[in-house]
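Visitor: what follows is a protein structure lacking sequence information:
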């Protein structure tokens, strides 16, 4: 009904699209920060109890080098722990799907292990592995591993029997069936597991640093707490959250590029 | 008006004959044994279109699986194109009630799946796949994903996927059972047209008596538990058949004869 100016449509349309999609979230954050800022100022809350958003922002700017250096340490732990999870979880999921023994023994065993609070293992890991990067990597690995393996198993089992019959009737062997059917069919589910697992790896690395560390954002938080440097404590939380969001979105972007068909299946036509 | 399927290459690979001799199938599970098929004897000529109708659980699908070679008979032999079937016979294509298109492949890539798995020549079969898609009115959709297609379109793609390998034998297990009545009627006509060109041997399982009579040279009526052949109805109504066929006396007679079997079997009840 109305004619929209067509001159530089692609970029401005995309921008408008992005704004309309993400606008509400930003509005919520902006409102919370504004209320927070106003309350802290109006009530005269001291910085060591609750710093205002502007104080935290100023702290981030002032201490960016400190935060960055420690963020990289934590990032390394997260990525190593996560990578280890993927390397172990996916072959294990394949073994569970294809092997009776793994299905009957290893899988229930893993599920029962899942009931152990992994965080409670952190002190033991420190005792065994020392104060370096390894215990954090291991905690990150232990808690990010489970969602990945579970989702992979569910995904690889999701192929309908007709689908398997179909490729078998074409003469496909088990390897071909896996590569052409089971694995691609499992990918959306595997990516679901990777997203949850990545979030868990961030938790694991941070908790690992709480137990014993000399670097990292978790360590920085402990130090700030002892020094009553609450603004820096909050700054570390902000950076850690941003790191988590960033890593989650890296996986989401890879998923969107690698699995274009999932968008087609879920997108609503307007 | 029809696209020239198969006219580019002369039909070197026509249908293959099937010979089923005293085949039985018994399933053994933890809950006990089930005799799915009592002795079945059936010969199907090369290029013949045979339908199988019968109540649920009469072993229709089991029969199809036996012929495909995906499961083995408990006793008896099944011969396709002169050779006893073993696992993955090769020259056979299957269409199920569910289209089982692969969501992650475009329409064209779905049609080319058997070409990839059988390692056939990609270039010639790509052309063949496009020809098939054109013949069922899907030439504009080759780059779409299955999720973007309607149920009828998806099943058409599944049929193209079965035909691209030029199978000597086409096994169809209630292929139109999930479609609405109107789409189903159209699909019947499309299938007939394709079959008239290719002359594959077709074994077509259906619940619809009318569909079976419309499409087939012979309709095999099965009774249940254990599955056995109750009757075979020969049908030489002239082709191409269509809406006009349904009002012909012989068509009505065939349908009625099969329906009487269903009444006798207790599958249909008039009270």
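Guide: That came through, no problem. All of these numbers come straight from a predicted model, not from anything done at the bench.

Visitor: the least confident helix or strand in chain A by mean pLDDT close to chain B?
Guide: Least confident element among the helices and strands of chain A, by mean pLDDT, DSSP states H and E: helix A:260-266 (a mean of 77). Yes - using C-beta under 8 Å from any C-beta of the partner chain, helix A:260-266 reaches chain B at A:260-262, A:264-265. Where you see a C-beta, it was placed from the backbone N, CA and C, and this is true even at glycine.

Visitor: partner strands of the lowest-mean-pLDDT helix or strand in chain B and their direction?
Guide: The least trusted helix or strand in chain B, going by mean pLDDT, DSSP H and E, turns out to be strand B:83-84, with a mean of 82. Next to strand B:83-84 in the sheet, as set by DSSP bridges, lie strand B:75-80 (antiparallel).

Visitor: what residue ranges in chain B score low on pLDDT?
Guide: B:1-13, B:87-90, B:271 (pLDDT under 70).

Visitor: what parts of it come near chain A?
Guide: Going by C-beta under 8 Å from any C-beta, the residues of chain B near chain A are B:65, B:68-70, B:87-90, B:92-94, B:96, B:98, B:100, B:102-105, B:113-114, B:116-118, B:145-148, B:165.

Visitor: which of those fall in strands?
Guide: Mapping the residues of chain B next to chain A onto strands (DSSP state E) picks out B:92-94.

Visitor: relative to chain A, which of the residues you listed is nearest.
Guide: Among these, residue B:94 lies closest to chain A (C-beta to the nearest C-beta), at 5.2 Å.

Visitor: how far away is the nearest residue to residue A:122 once chain neighbours are set aside from residue B:103?
Guide: Spatial nearest neighbour of residue A:122, excluding adjacent residues (C-beta to C-beta, 6 or more residues apart in numbering or on different chains): residue A:211 at 4.6 Å. In this structure, residue A:211 and residue B:103 are 44 Å apart, going by C-beta to C-beta, to the nearest Å.

Visitor: what segments of the stretch 51-200 of chain A are helices?
Guide: Per DSSP state H, counting those that start in this stretch, the stretch 51-200 of chain A carries helices over the ranges A:53-62, A:64-98, A:100-101, A:107-113, A:122-129, A:134-156, A:161-169, A:174-177, A:183-211.

Visitor: hmm, who's touching the first one?
Guide: For helix A:53-62, the surrounding residues in contact (C-beta atoms under 8 Å, 6 or more residues apart in numbering or on different chains) are A:33, A:36-37, A:47, A:51, A:67, A:231-232, A:234-235, A:238-239.

Visitor: which of the residues you listed are buried?
Guide: Buried subset of the contacts of helix A:53-62 (neighbour count, 16 or more other C-beta atoms under 10 Å in any protein chain shown): A:36, A:47, A:51, A:67, A:231-232, A:234-235, A:238-239.

Visitor: residues contacting residue B:53?
Guide: By C-beta under 8 Å, 6+ apart, the residues touching residue B:53 are B:60, B:205-209, B:212, B:219-222, B:258.

Visitor: number of residues surrounding residue 162?
Guide: You didn't say which chain, so I picked chain A. 15 (other C-beta atoms under 10 Å in any protein chain shown).

Visitor: wrong one, chain B
Guide: Counted with other C-beta under 10 Å, residues neighbouring residue B:162 total 25.

Visitor: does it count as helix, strand or coil?
Guide: Following DSSP: H, G, I helix; E, B strand; the rest coil, the label given to residue B:162 is helix.

Visitor: surely it touches residue B:99?
Guide: No - contact between residue B:162 and residue B:99 fails when scored by C-beta atoms under 8 Å: they sit 10.6 Å apart.

Visitor: ok, residue B:53 to chain A distance?
Guide: 21 Å (C-beta to the nearest C-beta, to the nearest Å).

Visitor: show me the beta-bridge partners of that residue.
Guide: Following DSSP bridges, residue B:53 is listed with bridge partners residue B:221.

Visitor: ok, it to residue B:71 distance?
Guide: 21 Å.

Visitor: burial measure for residue B:35, as a count.
Guide: By other C-beta under 10 Å, neighbour count at residue B:35 equals 14.

Visitor: report whether the strand or helix carrying residue A:231 contacts chain B.
Guide: Per DSSP states H and E: residue A:231 is located in helix A:230-258. No - on the criterion C-beta under 8 Å from any C-beta, helix A:230-258 is out of touch with chain B, staying 9.7 Å away.

Visitor: just checking, what packs against that helix?
Guide: Contact analysis of helix A:230-258 by 3 or more C-beta pairs under 8 Å, 6 or more residues apart in numbering or on different chains; DSSP states H and E lists helix A:53-62, helix A:64-98, helix A:183-211, helix A:217-226, helix A:260-266 as its packing neighbours.

Visitor: could you dump these to TSV with distance to residue A:18?
Guide: Converted to TSV, those look like this (distance: least, C-beta to C-beta, whole Å):
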stretch	distance to residue A:18
helix A:53-62	24
helix A:64-98	26
helix A:183-211	21
helix A:217-226	29
helix A:260-266	16
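
Visitor: tell me the most buried of those?
Guide: Each of these was scored by mean neighbour count; the highest is helix A:183-211, a mean of 23, by mean count of other C-beta atoms under 10 Å in any protein chain shown.

Visitor: tell me the angle of it relative to helix A:122-129?
Guide: 90 degrees (axes from the mean of the first three to the mean of the last three C-alpha atoms, to 10 degrees).

Visitor: strands along the stretch 101-250 of chain B, start to end?
Guide: Along the stretch 101-250 of chain B, the stretches classed as strands by DSSP state E, counting those that start in this stretch are B:169-173, B:201-205, B:218-223, B:228-234.

Visitor: now these in a markdown table, with mean neighbour count?
Guide: Formatted as a markdown table, these follow (neighbours: other C-beta atoms under 10 Å in any protein chain shown):
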| stretch | mean neighbour count |
| --- | --- |
| strand B:169-173 | 24 |
| strand B:201-205 | 26 |
| strand B:218-223 | 22 |
| strand B:228-234 | 16 |
